[in-house]
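A.B. asks: Fold the following and give me the result.
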Amino acid sequence: MRVEYSALLPNLMQPDDASSPEHRLALSAALDFLRKYFGRMLILSLVLLFPCVWHPHIQAGDLGSHVYNAWLAQLAEQGNAPGVYVVRQWNNVLFDVALFHAAKIFGFHAGELLVVSASVLVFFWGVFAFVAAVTKRAPWALVPCIAMLAYGYSFSMGFVNYYLSIGLACFGLAAFWKGGAGNWITAVLLSPLILLAHPIGFCWYVGTIVYVSLWRLIPEYWRLILPIVAFAGYFALRAFLADSTRFEADWRPDRFFWMNGSDQLILYGHRYLVLARITLAWGVICFLLAFVQTLRAGRQQARAFRLLLELYLIALTAAAFVPENIHSHLFQGWIGLLVSRLTTVTAIFGLCVLGLIPLRKWQIAGFGVCAVFFFYSSYRDTAMVSRVEANAAALISKMPTGTRIVPVVSAPDDWRVQFIAHSVDRACVGHCFSYSNYEPSSGQFRLRARPGSPVVTDSADKSEAMSSGDYVVQLEDLPLISIYQCDDSDWTRLCAAPLSAENKTEDPEPPKTP
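C.D. replies: Numbering: from 1, shown residues only. Here you go, the predicted model:
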């Protein structure tokens with residue numbers, strides 16, 4: 001049967017206008033949806049969480065560091081981590097606080113599984129709810145795409161506070177989009193929780209609300225001024241940072257249009273690049289087939305796409321102006337990979353555009369094939385990281401409790417997800433101290449280190465140099481054990497050896513053979 005796109009599009013945006021007489025409370029609509037589709041949602045949620053349990057631990061880059069630091073925070077609370085203390089912080093801590101308390105109740109393994117699983121569900125159903133609010137229909141056809149995004153780059157790098165903030169922001173935006181005083185109150189009440197999770201998610205949340213609110217309020221012939229102002233803001237930001245003496249910044253060298261949201265699928269090797277390009281091409285084909293039909297039906301029909309295309313293009317062009325990494329005197333460590341993680345937002349707006357299209361079965365099947373390949377490849381590659389952690393745990397189990405280590409472990413050169421050394425940190429929980437642990441010295445997390453702490457360095461520069469293998473060991477650093485990759489034919493194999501003064505952390509004393 002032929003799908004008449006033009007018959008479905010005209011009223012998709014109009015009910016959200018502030019002039020609508022009634023706005024149903026988003027929470028009430030969500031509860032009705034849950035009652036109607038509870039079985040489907042339960043099965044889908046269980047299937048979605050399978051990647052969280054297919055290895056002994058969840059392999060997601062920086063996640064291992066978060067688990068290790070939750071343990072270190074417990075030791076600091078008990079007075080068993082000299083020179084380490086916990087501060088009150090109002091952002092970038094929601095996941096860490098939840099993990100800290102869950103681990104106290106359930107233990108670290110179960111606590112990690114529970115909090116990460118909850119974060120995945122918040123992200124997935126948050127994006128689902130936002131797309132549904134925008135398009136006025138449940139985006140079941142986009143489930144494969146949302147699932148891939150849920151386990152995309154931001155998750156796989158272990159940016160869990162940021163990831164959680166985006167999921168919560170999507171719930172808030174879904175409420176805001178429906179309009180009405182009750183939904184505005186819901187959006188406001190969610191704001192502190194989003195900020196507690198991460199400031200970037202909060203900035204996206206507020207920025208989107210302001211942009212859409214202005215778009216709805218001003219006359220149609222003035223709306224073009226909004227993207228112009230946004231692009232002017234980008235220019236001003238880049239000019240300011242380029243000339244600033246208070247900030248250091250660097251920008252991505254590649255062309256910004258490759259950071260179009262599909263890059264969230266590029267994780268562990270070159271084949272993910274191929275998958276990302278195929279998925280993007282498939283989405284563009286699906287969009288163009290529908291958009292051409294709406295153009296034939298008249299310009300009025302095509303206007304249903306306008307706001308979402310504006311939001312997508314503004315998010316896309318941010319990659320050309322926002323720095324990838326930035327540093328200021330406020331923190332010792334760099335705030336890194338900004339554009340790489342912001343493309344999660346770009347992908348969400350892209351899914352909203354696709355959600356306007358009533359996809360046919362063969363189009364949905366194409367996304368399903370991409371998802372199968374994505375998760376199969378992800379399982380294989382995270383299995384290798386899991387092997388690294390198992391090998392690290394075997395080495396650490398032979399060391400005396402309280403041993404100080406420095407993991408010098410890197411992923412293959414063609415992997416985009418490089419933070420695999422933090423799996424070694426997690427293997428340390430309950431046994432040893434990762435002296436190069438970056439969180440306390442960065443000033444960006446609730447765990448901090450005082451100068452001279454025997455369990456962790458207080459210098460972000462030292463931490464980075466130790467982990468990269470470039471740090472020259474000082475006498476006061478000893479004793480220190482390096483855990484490093486020792487087999488060129490198998491990068492998952494690890495060895496442990498003591499470090500000596502004046503040696504680099506990548507050059508330990510080789511273990512003596514009997």
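A.B. asks: Is Ala320 in contact with Trp258, as I believe?
C.D. replies: No. Counting by C-beta atoms under 8 Å, Ala320 sits too far from Trp258 to count as a contact (10.9 Å). Where you see a C-beta, it was placed from the backbone N, CA and C, and this is true even at glycine.
A.B. asks: residues touching the residue lying closest to Ala242 once chain neighbours are set aside, list them.
C.D. replies: Spatial nearest neighbour of Ala242, excluding adjacent residues (C-beta to C-beta, 6 or more residues apart in numbering): Ala249 at 7.4 Å. Counting by C-beta atoms under 8 Å, 6 or more residues apart in numbering, Ala249 makes contact with Leu241, Ala242, Pro323, Asn325, Ile326, His327.
A.B. asks: quick one, helices of the stretch 51-200 of the chain?
C.D. replies: Along the stretch 51-200 of the chain, the segments classed as helices by DSSP state H, counting those that start in this stretch run 63-78, 94-106, 108-135, 143-150, 153-156, 160-178, 181-197, 199-217.
A.B. asks: out of those, nearest to Ile43?
C.D. replies: helix 143-150 (11.4 Å; C-beta to C-beta).
A.B. asks: What is the end-to-end distance of stretch 133-146?
C.D. replies: 15 Å (C-alpha to C-alpha, to the nearest Å).
A.B. asks: Centre of the chain to that stretch, how far?
C.D. replies: Relative to the mean C-alpha coordinate of its chain, stretch 133-146 is positioned 20 Å out (C-alpha atoms, centre = their mean, to the nearest Å).
A.B. asks: Repeat that for stretch 249-257.
C.D. replies: On C-alpha atoms, centre = their mean, the centre of stretch 249-257 falls 19 Å from the chain's centre.
A.B. asks: what's the answer for stretch 146-154, then?
C.D. replies: The answer for stretch 146-154 is 8 Å, by C-alpha atoms, centre = their mean.
A.B. asks: Any of the contacts of Ala249 buried? List them.
C.D. replies: Using 16 or more other C-beta atoms under 10 Å as the burial test, the contacts of Ala249 include Leu241, Pro323, Asn325, Ile326, His327 as buried.
A.B. asks: now the residue nearest to the spatial centre of the chain: how far from Leu72?
C.D. replies: The centroid of the chain falls nearest to Ser154 when counting by C-alpha atoms, centre = their mean (2.5 Å). Noted for Ser154: a distance of 24 Å to Leu72, by C-beta to C-beta, to the nearest Å.
A.B. asks: Ok, Leu224 next?
C.D. replies: For Leu224 relative to Leu72 (C-beta to C-beta), the value is 52 Å.
A.B. asks: before we move on, what about Ser328?
C.D. replies: Taking C-beta to C-beta, one finds Ser328 at 26 Å from Leu72.
A.B. asks: Of the two, give the one with the bigger neighbour count.
C.D. replies: More crowded of Ser328 and Leu72, by other C-beta atoms under 10 Å: Leu72, with 27 against 12.
A.B. asks: Please name the nearest non-neighbouring residue to that one.
C.D. replies: Closest to Leu72 by C-beta to C-beta, 6+ apart is Ala81, at 5.7 Å.
A.B. asks: List the contacts of the one you found.
C.D. replies: Ala81 neighbours (C-beta under 8 Å, 6+ apart): Leu72, Leu75, Ser453, Val455.
A.B. asks: Tell me which two of those residues sit farthest apart.
C.D. replies: Leu75 and Ser453 (11.7 Å).
A.B. asks: what residues are shared contacts of those two?
C.D. replies: Ala81, Val84.
A.B. asks: isn't Ala150 right next to Leu48, touching?
C.D. replies: Yes. Assessed by C-beta under 8 Å, Ala150 is found in contact with Leu48 at 6.9 Å.
A.B. asks: ok, and what's touching stretch 274-288?
C.D. replies: Here stretch 274-288 has contacts from 145, 148, 260-266, 350, 353-354, 357, 359, 363, 366-367, 370, 373-374, 377, using C-beta under 8 Å, 6+ apart.
A.B. asks: Now with 6 Å, please.
C.D. replies: Ser262, Leu265, Ile266, Leu354, Gln363, Gly366, Cys370, Phe373, Phe374 (C-beta atoms under 6 Å, 6 or more residues apart in numbering).
A.B. asks: Greatest separation within the residues you listed: which pair is it?
C.D. replies: Maximum distance among the contacts of stretch 274-288 (C-beta to C-beta): 22.6 Å, for Ile266 and Gln363.
A.B. asks: Stretch 251-270: how far from the chain's middle?
C.D. replies: The answer for stretch 251-270 is 14 Å, by C-alpha atoms, centre = their mean.
A.B. asks: pLDDT of that stretch, averaged?
C.D. replies: The average pLDDT for stretch 251-270 rounds to 91.
A.B. asks: Next, the buried residues of that stretch.
C.D. replies: Buried-residue list, stretch 251-270, by 16+ other C-beta under 10 Å: 251-252, 256, 258-269.
A.B. asks: Return the subset of these lying in strands.
C.D. replies: Using DSSP state E, no member of these falls within strands.
A.B. asks: For Gly201, state which of those is nearest.
C.D. replies: Gln264 (15.2 Å).
A.B. asks: so what's Leu113 closest to, chain neighbours aside?
C.D. replies: Closest to Leu113 by C-beta to C-beta, 6+ apart is Cys52, at 6.3 Å.
A.B. asks: wouldn't that neighbour be in contact with Ser117 here?
C.D. replies: Yes. With contact defined as C-beta atoms under 6 Å, Cys52 counts as touching Ser117 (5.2 Å).
A.B. asks: where's Thr346, which helix or strand?
C.D. replies: Secondary structure assigned from DSSP states H and E places Thr346 in helix 338-355.
A.B. asks: helix or strand right after that helix?
C.D. replies: helix 361-396.
A.B. asks: That following helix - contacts with which helices or strands?
C.D. replies: helix 143-150, helix 270-297, helix 422-427, strand 494-498 (3 or more C-beta pairs under 6 Å, 6 or more residues apart in numbering; DSSP states H and E).
A.B. asks: and among those, the most buried is which?
C.D. replies: helix 422-427 (a mean of 28; mean count of other C-beta atoms under 10 Å).
A.B. asks: what packs against that helix?
C.D. replies: helix 63-78, helix 361-396.
A.B. asks: tell me which residues in the first one are buried?
C.D. replies: Residues of helix 63-78 classed as buried under the neighbour-count rule (16+ other C-beta under 10 Å) are 63-74, 76.
A.B. asks: ok, so of those, who is nearest Phe130?
C.D. replies: Closest to Phe130, out of all of the buried residues of helix 63-78 and judged by C-beta to C-beta, is Leu63, at 24.5 Å.
A.B. asks: Please tell me how far the residue nearest to the closest one when sequence neighbours are not counted sits from Leu447.
C.D. replies: Nearest non-adjacent residue to Leu63, counting by C-beta to C-beta, 6+ apart: Gly158, 3.9 Å away. Counting by C-beta to C-beta, the gap from Gly158 to Leu447 is 16 Å.
A.B. asks: And for Ala129?
C.D. replies: 33 Å.
A.B. asks: same question, Val160
C.D. replies: 15 Å.
A.B. asks: pLDDT weak spots in the stretch 201-350 of the chain?
C.D. replies: 297-302, 329-333 (pLDDT under 70).
A.B. asks: redo that, cut-off 50
C.D. replies: Counting by pLDDT under 50, the stretch 201-350 of the chain contains no low-confidence range.
A.B. asks: Would you indicate which residues of stretch 196-207 are buried?
C.D. replies: Buried-residue list, stretch 196-207, by 16+ other C-beta under 10 Å: Leu196, Ala197, His198, Pro199, Ile200, Gly201, Phe202, Trp204, Tyr205, Val206, Gly207.
A.B. asks: mind saving the C-alpha coords of that stretch as CSV?
C.D. replies: The C-alpha coordinates for stretch 196-207 follow below in CSV (Å, rounded to 0.1, in the frame of the first residue of the first chain):
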residue,chain,number,x,y,z
LEU,A,196,23.7,17.3,38.9
ALA,A,197,24.5,14.8,36.2
HIS,A,198,26.5,17.0,33.9
PRO,A,199,26.6,20.7,32.9
ILE,A,200,26.8,20.0,29.2
GLY,A,201,23.5,18.1,29.2
PHE,A,202,22.0,21.0,31.2
CYS,A,203,23.3,23.6,28.7
TRP,A,204,21.8,21.6,25.8
TYR,A,205,18.5,21.3,27.7
VAL,A,206,18.2,25.0,28.5
GLY,A,207,19.5,26.1,25.0
